[in-house]
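> Would you be able to build a 3D model of this:
(chains A and B)
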Number of protein chains: 2
Amino acid sequence: MTEPRRSTAPIDFYFDFSSPYGYFAAEKIDALAERYGRTVLWHPFLLGVTFKVTGLAPLPSIPLKGAYSMHDIERSARYFGLPFKQPSTFPIPTQHAARAFLWINDRSPQKAREFGLAAYRAYFVNDVNISDLGAVLDIAAGVGIDRDELSGVLSGTEIKARLAAEVDLGLSRGVFGSPFIIVDGEAFWGADRLPQVERWLAEGGF
Amino acid sequence: MTEPRRSTAPIDFYFDFSSPYGYFAAEKIDALAERYGRTVLWHPFLLGVTFKVTGLAPLPSIPLKGAYSMHDIERSARYFGLPFKQPSTFPIPTQHAARAFLWINDRSPQKAREFGLAAYRAYFVNDVNISDLGAVLDIAAGVGIDRDELSGVLSGTEIKARLAAEVDLGLSRGVFGSPFIIVDGEAFWGADRLPQVERWLAEGGF
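Predicted coordinates for the structure are as follows:
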């Protein structure tokens, strides 16, 4: 008997900055992966694009399910032990934050995580509307990114094409929600699937 | 300091016989409730009615999410340690099974559970199409219900009105999915919320 050879490939983590469940997963995924010797590739994503493909709609707009979900989000935050305050504007467009994340991530994944978590906390804890470009630049500056340089990047066309390609790639892999986690080809949707992700990592599948 | 007084009120459990996540919860909910000194009131429900209110659609019909969900259902069955085989026809209308459940439940909740679990296992393990009236009567007979008497009941108008009223009552309580569990007024949707239900029962809220 030999021990099954465990994969050491990075985990893919797709998230939209307007997704509260994405925020919960962002706070948990790196530590979870690390317990099993894995790293995580963070991929900012735009749920609005997937809604056009799936025909789905933002949670708050759905009768019955919308009201339930707003309540479930607050309760789930407590369940995960995370601070949370429902933003006064929800959901929001998140292109600026996603593009900033990508540009930072191409230079320093560690710095991008700091930015990503800071942006999530700004939106879901301190009610900062991160659809605003100035807010995104402020948050980036707060983690040591050159504000003027990032401002120039975000006004260009290159970073827009970069995010569009990233989202297209996600769609081609079946990503339709946030958070969406892919472990060795196995897809998991939702912060509530983190226990299944953990078991998959621990047992190499089940 | 006094120990907080724990509720002993029954838990409400709503389910559709065509819902695989409802099947998973049905296999778990009574034992879970019993660990905290609670009983469970089982309420058969018709998701088709809620789809008209929410604008949602059966999972298999949704691009990307449908394919993911079929895979998630099989994986979740393994996660819960339950037998499962994707039915060849899915989803199906479940009025006959729901009405039979209600009629049996009004006479014996214990017998209704036996019927409910037998119907779920017939559909999700043995690929019996329980939209068929004859299949429902066979399953009921298998748990000791008089086949002819139930057949007469299910052809009448009274039991139809009874199920319609039960579904209306669920909708008025915000039920929009399956499984849907209400503990002391707190609503939980999905088999993946069972850990939150358990914590709610253990701590009297969180």
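> Which strands and helices lie in contact with the helix or strand of chain A with the lowest mean pLDDT?
Among the helical and strand segments of chain A, the one scoring lowest on mean pLDDT, DSSP states H and E is helix A:47-54, with a mean of 86. Counting contacts by 3 or more C-beta pairs under 8 Å, 6 or more residues apart in numbering or on different chains; DSSP states H and E, helix A:47-54 is packed against helix A:158-172. To be clear about C-beta, it is placed using only N, CA and C from the backbone, and glycine gets the same treatment.
> circling back to that earlier point, can you pull the buried residues of the least confident helix or strand of chain A?
Counting neighbours by 16 or more other C-beta atoms under 10 Å in any protein chain shown, one finds that the buried residues in helix A:47-54 are A:47, A:49-50, A:54.
> and what of stretch A:102-117?
For stretch A:102-117, the buried set under the neighbour-count rule, 16+ other C-beta under 10 Å, comprises A:102-105, A:112-117.
> Export those to CSV and append columns for pLDDT, distance to chain B and secondary structure.
CSV is the format used below for these (pLDDT from 0 to 100; distance: C-beta to the nearest C-beta, whole Å; DSSP: H, G, I helix; E, B strand; the rest coil):
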residue, pLDDT, distance to chain B, secondary structure
A:L102, 98, 22, helix
A:W103, 98, 27, helix
A:I104, 98, 28, helix
A:N105, 97, 24, helix
A:A112, 98, 26, helix
A:R113, 98, 26, helix
A:E114, 98, 30, helix
A:F115, 98, 28, helix
A:G116, 98, 24, helix
A:L117, 98, 24, helix
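> And the contacts of stretch A:142-159?
Contact partners of stretch A:142-159, identified using C-beta atoms under 8 Å, 6 or more residues apart in numbering or on different chains, comprise A:96, A:99-100, A:102-104, A:111, A:114-115, A:118, A:133, A:136-138, A:140-141.
> now the helices for chain A?
Secondary structure of chain A, counting by DSSP state H: helices at A:20-35, A:47-54, A:65-80, A:95-107, A:109-124, A:133-142, A:147-154, A:158-172, A:194-203.
> Which of those helices sits closest to A:S178?
A:S178 sits nearest to helix A:20-35 of all those, at 4.0 Å, using C-beta to C-beta.
> So which elements touch the closest one?
strand A:11-15, strand A:40-44, helix A:65-80, helix A:109-124, helix A:194-203.
> Using CSV, write out every CA atom in that helix.
Output in CSV follows, covering the C-alpha atoms of helix A:20-35 (Å, rounded to 0.1, in the frame of the first residue of the first chain):
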residue,chain,number,x,y,z
PRO,A,20,-21.2,38.8,0.3
TYR,A,21,-20.7,35.1,0.1
GLY,A,22,-17.5,35.9,-2.0
TYR,A,23,-16.4,38.0,0.9
PHE,A,24,-16.9,35.2,3.4
ALA,A,25,-14.9,32.8,1.2
ALA,A,26,-12.1,35.4,0.6
GLU,A,27,-11.6,35.6,4.3
LYS,A,28,-11.3,31.8,4.6
ILE,A,29,-9.9,30.3,1.5
ASP,A,30,-6.1,30.9,1.9
ALA,A,31,-5.9,29.4,5.4
LEU,A,32,-8.1,26.5,4.3
ALA,A,33,-5.8,25.8,1.3
GLU,A,34,-2.7,26.1,3.4
ARG,A,35,-3.8,23.4,5.8
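> chain center to that helix, what's the gap?
The gap between where helix A:20-35 is centred and where its chain is centred comes out at 9 Å by C-alpha atoms, centre = their mean, to the nearest Å.
> Give me the phi and psi angles of the nearest residue to A:G48 once chain neighbours are set aside.
Once flanking residues are discounted, A:G48 sits nearest to A:P93: 7.1 Å by C-beta to C-beta, 6 or more residues apart in numbering or on different chains. Backbone torsions for A:P93, taken as degrees, to the nearest 10, come to phi -70, psi 140.
> count of neighbours near A:P93?
If you count neighbours by other C-beta atoms under 10 Å in any protein chain shown, A:P93 ends up with 13.
> surely it meets A:V49?
No - under the criterion of C-beta atoms under 8 Å, A:P93 is not in contact with A:V49, lying 11.2 Å apart.
> picking up where we left off before, what's the least confident helix or strand of chain A in contact with?
Surrounding helix A:47-54, the residues in contact under the criterion C-beta under 8 Å, 6+ apart are A:16, A:18-19, A:56-58, A:91, A:93, A:167, A:171, A:175-178, B:62-65.
> how far away is the most centrally placed residue in chain A from chain B?
Computing the C-alpha centroid of chain A and ranking residues by C-alpha atoms, centre = their mean puts A:F15 first, at 2.3 Å. Taking C-beta to the nearest C-beta, to the nearest Å as the measure, A:F15 falls 16 Å from chain B.
> nearest residue to that residue other than its sequence neighbours?
Nearest-residue entry for A:F15: A:G22, 3.7 Å, with adjacent residues in sequence omitted and distances by C-beta to C-beta, 6+ apart.
> tell me the contacts of the one you found?
Shown in contact with A:G22 (C-beta under 8 Å, 6+ apart): A:15-16, A:120, A:178-179, A:191.
> any low-confidence regions in chain A?
Within chain A, the stretches with pLDDT under 70 are A:1-5.
> Sweet, I'm off.
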